[in-house]
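Asks: coords please:
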Amino acid sequence: MSSRGIYTLANDAVYDQFIGLINSIEANVSPEIPIYVIPYNQHCDRVKREIDTRKNVIFYENKESIDRWDAFTEEVWAAHPITKQASFKRPKWYKSPLMRKMTAFDGPAEEFVFYDADSLAMQPLDKVFAKLREYDFVFDDWEHAKATPVAAFDFSLVQQDLGLLESEARTKIHCSSFFGSKRGLLNAQDQVVLKQHLIQNQEIAWINEKSWWCDADLFSYLTLRLDRPTFNFTLSTDGQDRTGNCANIDPFVVRDHLLYNKDGLKPIHRLHYMGYSSIEFARLSQGEAVQIPYAEVFLHYRFLKNPVEKPRSLKSPSPVVRFNRFMNKAATKVSATLENLVSQQN
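Replies: Next up is the predicted model:
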């Protein structure tokens, strides 16, 4: 059997979510499968200390691959037509190193599954690895169903250049928060060719300007261009395969700390806390009442190894604390707006 592993991307800012993820993997996937942690940035001291206590968790820092993917990301996004507009708004994920997750393709595992750190594993990965016998990329998300104005691609350009109708191109769109693949499928040679398509041939314009610096939509372009066999469970002909995964959108039923799709009680691969900040999870882990769905499920996995530290009750922050947070948030928003204005003038 080929070597298998799991990858995630983390730093100290997402420490609580990181602990919840690796605990859920050990509980619901396997206590033996290697978990490789790619550094989001240099701030990983707490993460490293936790890794040192785990026999199956490895800090995976391939600096050559990280530098190569960082440079690739910078270069291709700098070529997007939006940068030539007189006025454009930087998205909140601007300049984020999320494409570092692609270093998994240079890692030790021959077959692997990647989870974003803001996730909880909910079932074994047997079905994903089984699909990797037939396909090179395996996904489980609904990105392909987004409305046309906010979808990953400018479908008119994709049709013009590739001859793909929107209905065909949509099936190529996917998220980057959870995927299965194989070592070497996205290598340095592929990057050279893809960069030529993206920059010299201006195929970076295929990606919706609303998706500027979005790692998921850039990844969708890469798999589209590589034209390798791809499977998405949400497009499966088997209705049992099609489930939700987003904590703030999809309805689930909780049984013994596991989530099931409310429609048909179908097991899900993971719960994705998309759109919630790491600060909210840190506060929740410290015993604050935070508006996060399935908070008790998260706390179960966050403190699975040390249940005595789990908050016994959750308390709302005082009015003073809420006011100070509101003012800090407003100041941050004003600062970001001013930074955008300055960057547009330069």
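Asks: buried ones in stretch 193-211?
Replies: 194-195, 197-198, 203-208, 211 (16 or more other CB atoms under 10 Å). All C-beta spots, glycine's among them, are computed from the backbone N, C-alpha and C.
Asks: ok, which pair from the residues you listed is furthest apart?
Replies: Lys195 and Asn208 (19.6 Å; CB to CB).
Asks: low-confidence ranges in the stretch 1-150 of the chain?
Replies: Within the stretch 1-150 of the chain, the stretches with pLDDT under 70 are 1-2, 86.
Asks: what are the ranges of the strands in it?
Replies: 4-10, 35-39, 57-59, 111-115, 119-121, 137-139 (DSSP state E, counting those that start in this stretch).
Asks: ok, so of the buried residues of stretch 193-211, who is nearest Gln240?
Replies: Ser211 (31.1 Å).
Asks: who touches that closest one in this structure?
Replies: Neighbour list for Ser211: 152, 217-218 [criterion: CB atoms under 8 Å, 6 or more residues apart in numbering].
Asks: switch to 7 Å and redo it
Replies: Taking CB atoms under 7 Å, 6 or more residues apart in numbering, we find Ser211 in contact with 152, 217.
Asks: cool, the one 4 residues further on as well?
Replies: Taking CB under 7 Å, 6+ apart as the criterion, Asp215 is in contact with 98-99, 176.
Asks: Neighbour count and distance to Phe139 added to the residues you listed, as TSV?
Replies: Compiled in TSV, those are given as follows (neighbours: other CB atoms under 10 Å; distance: CB to CB, whole Å):
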residue	neighbour count	distance to Phe139
Leu98	20	16
Met99	22	17
Ser176	24	9
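Asks: Distance to Ala10 added to those, as JSON lines?
Replies: Formatted as JSON lines, those follow (distance: CB to CB, whole Å):
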{"residue": "Leu98", "distance to Ala10": "12"}
{"residue": "Met99", "distance to Ala10": "15"}
{"residue": "Ser176", "distance to Ala10": "15"}
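Asks: out of the residues you listed, which are inside helices?
Replies: When DSSP state H is applied, the contacts of Asp215 are split such that none fall in helices.
Asks: any idea how far Leu224 is from Leu135?
Replies: Careful, residue 135 is Tyr; it's not Leu. Computed as CB to CB, to the nearest Å, the Tyr135 to Leu224 distance reads 14 Å.
Asks: any idea what sits nearest the most centrally placed residue in the chain, other than its immediate chain neighbours?
Replies: With distances taken as CA atoms, centre = their mean, Ser177 lies nearest the centre of the chain, 2.7 Å away. In space, and not counting its chain neighbours, Ser177 is closest to Asp116: 4.1 Å by CB to CB, 6 or more residues apart in numbering.
Asks: Could you list which residues are in contact with that neighbour?
Replies: Contacts for Asp116 (CB under 7 Å, 6+ apart) come out as 177-178, 272.
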